[in-house]
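# need a 3D model of the sequence below.
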Amino acid sequence: MTSMPAESSTGQHDAMRSAVAILSLAASLAVAGCSSSVGFDDPFADYLQRTALVSTAGGDAQAANIAMQTATPWPRYANDTNIPANGARITKVITRYESGWYEPRRILC
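Sure thing, here's the model as predicted:
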């Protein structure tokens, strides 16, 4: 039985990885060069991209301030996340649920 030395196999593997990396980079650059976000046939494309604002979403300061100062329709207690509960009872219920154990309800007359 003859086997190839480990060094040549590793060298071939590294060369293959480098070739794949270079080819994938070249392919991504080629594809990126084919697409454009600017319509070259549209004479108004330059005017639509440029605005006098800091960003295209800018200019809504008044609306944002009005929304911030609007009274909330929710009652004050709606923000209270401290819900009182019996922890031992809840733990027992969760354990029973996860185990699949079922106790039929007793009808009280």
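
# which helix in the chain runs the most residues?
helix 6-34 (DSSP state H).

# tell me the helix or strand right after the worst-scoring helix or strand of the chain on mean pLDDT.
When the helices and strands of the chain are scored by mean pLDDT, DSSP states H and E, helix 45-49 comes last with a mean of 68. Next in sequence after helix 45-49, counting helices and strands by DSSP states H and E, comes helix 61-69.

# against which helices or strands is that next one packed?
Packed against helix 61-69 by the contact rule (3 or more C-beta pairs under 8 Å, 6 or more residues apart in numbering; DSSP states H and E) you find no helix or strand. Heads up, the C-betas are built off the backbone N, CA and C, glycines and all.

# can I get the following helix or strand past it in PDB? Just the C-alpha atoms.
Counting by DSSP H and E, the element after helix 61-69 in chain order, helix or strand, is helix 87-99. Taking C-alpha atoms only, helix 87-99 is exported to PDB below (Å, rounded to 0.1, in the frame of the first residue of the first chain):
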ATOM      1  CA  GLY A  87     -44.700  30.500  43.000                       C
ATOM      2  CA  ALA A  88     -44.900  27.100  44.600                       C
ATOM      3  CA  ARG A  89     -48.300  26.400  43.000                       C
ATOM      4  CA  ILE A  90     -47.200  27.600  39.600                       C
ATOM      5  CA  THR A  91     -44.000  25.400  39.800                       C
ATOM      6  CA  LYS A  92     -46.200  22.400  40.700                       C
ATOM      7  CA  VAL A  93     -48.500  23.100  37.700                       C
ATOM      8  CA  ILE A  94     -45.600  23.400  35.300                       C
ATOM      9  CA  THR A  95     -44.100  20.200  36.500                       C
ATOM     10  CA  ARG A  96     -47.400  18.400  36.200                       C
ATOM     11  CA  TYR A  97     -47.900  19.800  32.700                       C
ATOM     12  CA  GLU A  98     -44.400  18.700  31.500                       C
ATOM     13  CA  SER A  99     -44.700  15.200  32.900                       C
END
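
# this completes my enquiry, with thanks.
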